[in-house]
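Enquirer: Build me a model:
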Amino acid sequence: MDYLSLFRMPTPVKITGRSSSITNAFINSIIPVVPPSEEEVKQALEILGMTPDTFQCAYCGSVASEWDHLRPLVKDKKPTGYISEIHNLVPSCGKCNQSKGNKEWKTWMLSNAKLSPTTRGIKNIPERVKRLEAYENSKTPTKMDFSAIVGQEVWARHQENLERVQFLMRESQELAAKINAEVAKEGLNNLPRKQKSNFSRGFGCIRPTNSRSPAMRMT
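Expert: Numbering: from 1, shown residues only. Modelled structure (predicted):
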């Protein structure tokens, strides 16, 4: 029995690995949210060919757990101008929502992206695309120029705050890497002498040098 094959190291955490999440948070925090009426939800589902009994992910047909922005709110780290309203939201499952991200919905659906409907072998994709096209064209979505609304000075301050946070994250990651290296070095020094020759340091991790199992690698 190869016990190491049962072991997986936790994924290393990097402060800068949260950079895109911070950017999205800065943008999403200013996006208006317009709750729909019951009639608007009913009309949306009718266009998508659904009823309360057949409510499902518009992209793949799985159980819908959330509503996804059909048109992305963020693109190239900037707001697109679209907002959270029923005309820009469709029922979605978690897999499709995460896989789609900020991609254009039709390009993503027909692509080989991980967990896309095409990759997962969903059979009725053309029919789903047709319904989503009808939904997309059913009403013109709201689109705003946020900087024009609040003024360039206020908008510039918001962008500067984002840059300050991003800079602090990068600076913090550099310091964290130094601390991590020192802690890993101390951990190796505290090992019994007989074990030291069998271990090496790498990526802030103390690991066996003679292990052939990929299970010990950081993923």
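Enquirer: going forward, measure contacts and count neighbours with C-alpha atoms only.
Expert: OK.
Enquirer: Sketch out the low-pLDDT regions of this protein for me.
Expert: Residue ranges of the chain with pLDDT under 70: 1, 191-219.
Enquirer: which residues in it form strands?
Expert: Applying DSSP state E to the chain gives strands spanning 66-69, 74-75, 78-79, 89-92, 199-202, 205-208.
Enquirer: What pairs with the second one, parallel or antiparallel?
Expert: Just to be clear, that refers to strand 74-75. Strand 74-75 has these partner strands in its sheet, going by DSSP bridges: strand 78-79 (antiparallel).
Enquirer: can you pull the contacts of Ala64?
Expert: Taking Cα atoms under 8 Å, 6 or more residues apart in numbering as the criterion, Ala64 is in contact with 55-57, 91-94.
Enquirer: mind running it again at 7 Å?
Expert: By Cα atoms under 7 Å, 6 or more residues apart in numbering, the contact set of Ala64 is 55-57, 91-93.
Enquirer: Among the residues you listed, which pair sits farthest apart?
Expert: Phe55 and Cys93 (11.0 Å; Cα to Cα).
Enquirer: Between these two, which has more neighbouring residues?
Expert: A side-by-side neighbour count of Phe55 and Cys93, using other Cα atoms under 10 Å, places Cys93 first with 20 against 17.
Enquirer: Wait, that one touches Gly61, no?
Expert: No. Taking Cα atoms under 7 Å as the definition, Cys93 is not a contact partner of Gly61, at 8.4 Å.
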